[in-house]
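Engineer: Compute the structure for the input listed below.
(chains A and B)
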Amino acid sequence: MIRYLFPLTIFVGLTVLFIYGLQNDPRYVPSPLINKIAPEFTLPSLHNPESNISVDDIKGAVSLINVWASWCVACRLEHPILNEAVKKYHLNLYGLNYKDKRTNALIWLENLGNPYIESAYDEYGNVGIDYGVYGVPETFLLDKKGVIRYKHIGPIDKRQFDDIIMPLIKKLEQES
Amino acid sequence: MKILYQSIVLALIIFTTHKSFSNDEPVYFTDKNQEQRYYSLIEEVRCLVCQNQSLADSNAPLAQDLRNEIFKMIKSEKSNSQIIEFLVERYGDFVLYRPPLKDNTWLLWFGPFLFLIIAVTTAIIFIKKQSQNNTIDN
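Structural biologist: So this is what the prediction gives:
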């Protein structure tokens, strides 16, 4: 009896392991920046090249930093969700325009709508490196103290926004 | 003869144009030691965009940026451990092909040996049983 049960247990064990493995997303790499102060940056604004945006302008309230680019196909998918979210909720949503051409980025916002309070223009992707960006779009959630509390990699869908991000924002807003 | 000539021309075209497709900024080292460090470091670091390639293998724009970043850091006399720290701070241990030994990586390091021990013990038990059976049969 054991003779037959033994391979069967191994088979079932491996199947469970593989099913679990298949459900993991290898593209999701936990960020070491979680629970760390958002890295410093000062970048020109996308709309007004003469004026700067620094991370200190963003800190102080619960806010979202969304890394996007006009060349990024998945950003197109996410964009309507962000547009809708800023209409529905009171959000401090900032953009980090990543390795883009300024004219393309501006046209993109004009055509698809601009949900951002402001976008910082990271032409060479240096700030992207400091934030460990590797797959646009990425979204960082900062608490009132400017600590990164959550990072979303890839496009946010409606369900993720309503079920994960929005409750977290509400929770962080309760914190002193 | 004609085929030989044609294949030589083809080989020349393939191998001489190859380099010019790379978008990287050229790396020039005056110091041989620095050059060696650069090439060994980019082999050690994973490209997060195409995860099973190292920075040296990958054409992804992020890999280019990180190669340039490593180049700049080596030029500015940063040590290997400083460069590794810079990358790990931003991208986590996952960027390293040889992650450090930690609580959550010991299974990764010692798991294979664990399986080896299990396999060897099973084999020994199995063989012993077989030889016992054989002696009984005889």
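
Engineer: which element is the spatially most central residue of chain A on?
Structural biologist: Ranked by distance to the mean C-alpha position of chain A (C-alpha atoms, centre = their mean), the top residue is A:Thr139 at 1.4 Å. Take DSSP states H and E as the rule and A:Thr139 turns out to sit in strand A:138-142.

Engineer: which residues sit against the helix or strand following that strand?
Structural biologist: Using DSSP H and E, the helix or strand that follows strand A:138-142 in sequence is strand A:148-153. Residues outside strand A:148-153 that contact it (C-beta atoms under 8 Å, 6 or more residues apart in numbering or on different chains): A:27-29, A:31, A:33-38, A:134-135, A:138-143, A:160, A:164-165, A:168, A:172. In short, each C-beta sits where N, CA and C put it, glycine included.

Engineer: Do a quick rundown of the helices in the chain.
Structural biologist: Answering for chain A, as no chain was given. A:2-23, A:55-58, A:73-88, A:102-112, A:126-130, A:158-160, A:166-174 (DSSP state H).

Engineer: think we crossed wires, I meant chain B
Structural biologist: Ranges of helices within chain B are B:2-17, B:32-44, B:61-75, B:80-91, B:106-137, based on DSSP H.

Engineer: Wait, the residue nearest to the centre of chain A touches A:Pro155, no?
Structural biologist: No - using C-beta atoms under 8 Å, A:Thr139 makes no contact with A:Pro155, being 9.2 Å away.

Engineer: Spell out which parts of chain A neighbour chain B.
Structural biologist: A:26-27, A:29-33, A:99, A:124-125, A:128-135 (C-beta under 8 Å from any C-beta of the partner chain).

Engineer: if you set the cut-off to 6 Å instead, what comes out?
Structural biologist: Proximity of chain A to chain B, by C-beta under 6 Å from any C-beta of the partner chain, involves residues A:Val29, A:Pro32, A:Gly125, A:Gly132, A:Tyr134.

Engineer: B:Leu4: which of the helices of chain A is closest?
Structural biologist: Closest approach to B:Leu4 among the helices of chain A is made by helix A:73-88 (46.4 Å; C-beta to C-beta).

Engineer: Quick one: neighbours of the nearest residue in space to A:Leu43 that is not next to it in sequence, just the number.
Structural biologist: Using C-beta to C-beta, 6 or more residues apart in numbering or on different chains and skipping residues adjacent in sequence, the residue nearest A:Leu43 is A:Ala120, 4.0 Å away. A:Ala120: 25 surrounding residues under other C-beta atoms under 10 Å in any protein chain shown.
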